[in-house]
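**Q** 3D, please:
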Amino acid sequence: MGFRYTVLYILLIVAVNYGFSVVPLVDLPGGEKWPPMSLVVGLIFVARDFAQREIGHRVIIAMLVAGVISYVMADPFVATASVAAFLISEFADWAVYSFTGRPFSQRILLSSAIGTPVDSVVFLGIIGHLSVTGVIVMTLSKMVGAFVVWQWCGGGKASLPEATTTVSEASGKKAVVLLSGGLDSTTVLALALRDGFDVAALTFDYGQRHALELRAARDLAERSGLRRHAVVSIDLRAYGGSALTDDIRVPKGRSAREIGEGIPVTYVPARNTIFLAHALALAEVEDARDIFIGVNALDYSGYPDCRPAFIEAFQTMANLATKAATENDQPIEIRTPLMDMTKAEIIDLGIGLGVDYAHTLSCYDPVAEEDEHGRVVGSPLHCGACDACLLRKKGFAEAGIPDPTPYLE
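**A** Residues are numbered from 1 along each chain as shown. I've put the predicted structure just below:
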C-alpha cells in the first residue's frame with residue numbers, strides 16, 4: 001500500500017501552517033486584518049480524504065505528525081490552532097455519524113457545515129487573527145474542499161449497482177442467493193430484496209474452519225424474513241488442500257501487495273463451482289431464473305473462481321445443462337452485482353440499504369467463547385489479521401465508516 005497521499009496531507013498541513021506564520025495579513029476596511037492563507041485551507045480537506053483512504057482513521061496520527069513538524073517550523077500558536085481545529089472537525093463528523101448513521105460520502109457536507117465555522121473561529125482566535133472576513137473566507141474555502149470530496153465520493157450517493165430489473169417486474173420473481181454470512185453475501189442479499197425478488201437463500205456447511213459463519217447466515221436469513229433458507233452439508237475436508245478445510249495455517253498479517261499477488265492457501269479448490277452447481281439445482285426446483293453470488297474481482301484474495309471469466313463460463317454451462325434452459329427456454333442468469341466494486345464501495349452501498357454489518361462474519365479464523373455444552377456464547381471475535389479481516393478493516397476505513405466488528409487484535 002502506498003502512502004503518497006498521506007505524505008501529501010502532512011506536507012500540505014505544514015505548508016499551510018507555515019504560510020499562516022509568514023504571509024503578511026491584508027488590511028481591510030474597518031480595521032480588520034485578513035490572513036490570505038485562509039483561501040487555501042480547503043485543499044487540506046481533499047488531501048485528508050485521500051489519506052484516509054490509504055491509512056483509515058490513523059489519519060489522526062498523520063495530523064499529529066504534521067502538528068509536531070509545524071510546531072518546529074512555524075509559529076507554535078499556529079500548530080496548536082491547527083490541531084485544535086482538526087479535533088473540532090473530527091468531533092463534528094463523529095456527532096453527525098452518531099445521529100444519522102450515514103456513510104462519509106453522505107454526511108461530509110453536513111458535518112463540514114456544522115464544524116467548519118466553529119473550527120475556523122477557534123483557529124483564527126488562537127493565532128490572534130480573528131475577524132469576520134477571515135472566518136467567512138476560511139469557512140467557504142473548507143466547504144469548497146468538502147464539496148470536492150463529496151463529488152469525488154459520488155455526490156453523496158452510494159455506488160448502487162443499477163437495479164437488475166424493476167421492483168414491479170421482480171415482484172414474486174424467485175431468486176437464489178448464496179449466503180455465507182459474510183459482508184459481501186449479506187450486501188447481495190439486501191440488493192436482491194431491494195429489487196423485489198422472492199429470495200431462497202443457500203448456505204453451505206462444508207467443513208470450513210470458520211463454521212461460525214453458519215450462525216451468522218442463519219441469523220441474517222431470519223432477520224430478513226426469507227421464505228426459505230437451505231443449509232447444505234458438503235464435507236470438503238475429504239479433499240483438503242486449503243487452510244479453510246485442512247490442517248494448514250491461515251496466513252496472517254500480510255500486506256496489501258501480498259494479498260493482491262497470487263492465489264493464497266485459503267483458496268478452497270473448486271468451491272464456487274460446487275456452490276453454484278447446488279444453487280443451480282435449487283434454482284430449477286424453485287423455478288428461479290436468477291442466482292446471486294457476492295464474488296468480487298477488486299478487493300479480494302485472488303481466487304480464480306471469483307473472476308468474471310469463471311462466472312461467464314459457468315452461466316454458459318448452466319444454460320446447456322438444465323431443463324429450464326434447454327426445454328422451457330428459460331435461461332439462468334448468474335448475477336454478480338459486486339464484481340467491480342471496492343470493499344469500501346460495497347460497505348457504502350450496504351449502509352445505504354440498511355445492512356447492519358455487526359451481524360456479519362468475514363474472518364477465516366474467528367474465536368468464540370463456548371459454554372460447558374460447547375455452545376457459542378456471545379458474538380465471535382474476528383482474528384483481525386487474516387486476509388479477510390484486513391480487507392474488511394480496509395473497506396470500513398476507506399468508506400469513512402466506524403467498523404462495528406469485534407476484533408481479537
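**Q** For this protein, which element, helix or strand, carries the lowest mean pLDDT?
**A** For the chain, using mean pLDDT, DSSP states H and E, the weakest element among its helices and strands is helix 167-170, scoring a mean of 48.
**Q** could you point out which element follows that one?
**A** Later in the chain than helix 167-170, the nearest helix or strand by DSSP states H and E is strand 174-178.
**Q** what does that following strand contact?
**A** Under the criterion C-beta atoms under 8 Å, 6 or more residues apart in numbering, residues 185, 188-189, 192, 197-203, 275-276, 279, 282-283, 286-294, 335 lie in contact with strand 174-178. Every C-beta, even on glycine, is put in place using the N, C-alpha and C of the backbone.
**Q** quick one: residue 407 from residue 210, how far?
**A** Per C-beta to C-beta, to the nearest Å, residue 407 is found 14 Å from residue 210.
**Q** Looking at those two, which is more packed in?
**A** residue 210 (24 against 15; other C-beta atoms under 10 Å).
**Q** host element of that one?
**A** Under the criterion of DSSP H and E, residue 210 resides outside all helices and strands.
**Q** check contacts around it.
**A** Contact criterion C-beta under 8 Å, 6+ apart gives 244, 361, 363-366 as the residues in contact with residue 210.
**Q** Tell me which entries of those lie within helices.
**A** Secondary structure of the contacts of residue 210 is defined by DSSP state H; no position falls in helices.
**Q** Tell me which residues are up against the helix or strand harbouring residue 140.
**A** Counting by DSSP H and E, the secondary-structure element that holds residue 140 is helix 132-152. The list of residues contacting helix 132-152 from outside it, by C-beta under 8 Å, 6+ apart, reads 28, 32-35, 38-46, 49, 105, 108-109, 112-113, 116-117, 120-121, 123-124, 156.
**Q** Which ChimeraX command selects the buried ones in those residues?
**A** Per 16 or more other C-beta atoms under 10 Å, the buried members of the contacts of helix 132-152 correspond to this ChimeraX selection:
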select :34,35,38,41,42,43,44,45,46,49,105,108,109,112,116,117,120,121,123,124,156
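**Q** ok, which stretches of the stretch 51-200 of the chain are helices?
**A** Ranges of helices within the stretch 51-200 of the chain are 59-73, 76-100, 104-126, 132-152, 167-170, 183-194, based on DSSP state H, counting those that start in this stretch.
**Q** and residue 201, backbone torsions?
**A** Residue 201 has phi and psi values of phi -90, psi 150 when expressed as degrees, to the nearest 10.
**Q** do the one 4 residues further on as well
**A** Backbone torsions of residue 205, given as degrees, to the nearest 10, read phi -100, psi 90.
**Q** The closest residue to it other than its chain neighbours: how many residues sit nearby?
**A** Distance criterion C-beta to C-beta, 6 or more residues apart in numbering; nearest residue to residue 205, sequence neighbours excluded, is residue 233 at 4.7 Å. Summarising burial for residue 233: neighbours were counted as other C-beta under 10 Å, giving 8.
**Q** ok, residue 233 touching residue 208?
**A** No - applying C-beta atoms under 8 Å, one finds residue 233 not in contact with residue 208, separated by 11.2 Å.
**Q** what comes up buried for stretch 17-24?
**A** Neighbour-count burial for stretch 17-24, with 16+ other C-beta under 10 Å as criterion, is recorded at 17-21.
**Q** tell me the average confidence for that stretch?
**A** Regarding stretch 17-24, the rounded mean pLDDT is 90.
**Q** Wait, residue 335 touches residue 294, no?
**A** No - in this structure, residue 335 is not within contact of residue 294 by C-beta under 8 Å, at 10.0 Å.
**Q** Run through the strands of the protein in chain order.
**A** With DSSP state E as the definition, the chain shows strands at residue ranges 26-27, 33-34, 174-178, 198-205, 228-233, 290-292, 333-335, 367-370, 376-381.
**Q** Please, where are all the helices along the stretch 301-409 of the chain?
**A** With DSSP H, counting those that start in this stretch applied, the stretch 301-409 of the chain shows helices at 308-321, 323-326, 343-352, 387-399, listed in chain order.
**Q** Of the ones you listed, give the one that comes closest to residue 261.
**A** Among the helices of the stretch 301-409 of the chain, the nearest to residue 261 by C-beta to C-beta is helix 387-399 (11.6 Å).
**Q** got the angle for the closest one vs helix 104-126?
**A** Here helix 387-399 runs at 60 degrees with respect to helix 104-126, directions being taken by axes from the mean of the first three to the mean of the last three C-alpha atoms, to 10 degrees.
**Q** what separates helix 387-399 from the chain centre, distance-wise?
**A** Here helix 387-399 shows a centroid-to-chain-centroid distance of 6 Å under the convention C-alpha atoms, centre = their mean, to the nearest Å.
**Q** what helices or strands is that helix leaning on?
**A** helix 42-55, helix 256-259, helix 343-352 (3 or more C-beta pairs under 8 Å, 6 or more residues apart in numbering; DSSP states H and E).
**Q** and those, which is most packed in?
**A** Neighbour counts (mean count of other C-beta atoms under 10 Å) averaged over each of those peak at helix 343-352, with a mean of 24.
**Q** that older thread, could you identify the buried members of the contacts of strand 174-178?
**A** Those of those that meet the buried threshold are 185, 188-189, 192, 197-203, 275-276, 279, 282-283, 286, 288-294, 335, by 16+ other C-beta under 10 Å.
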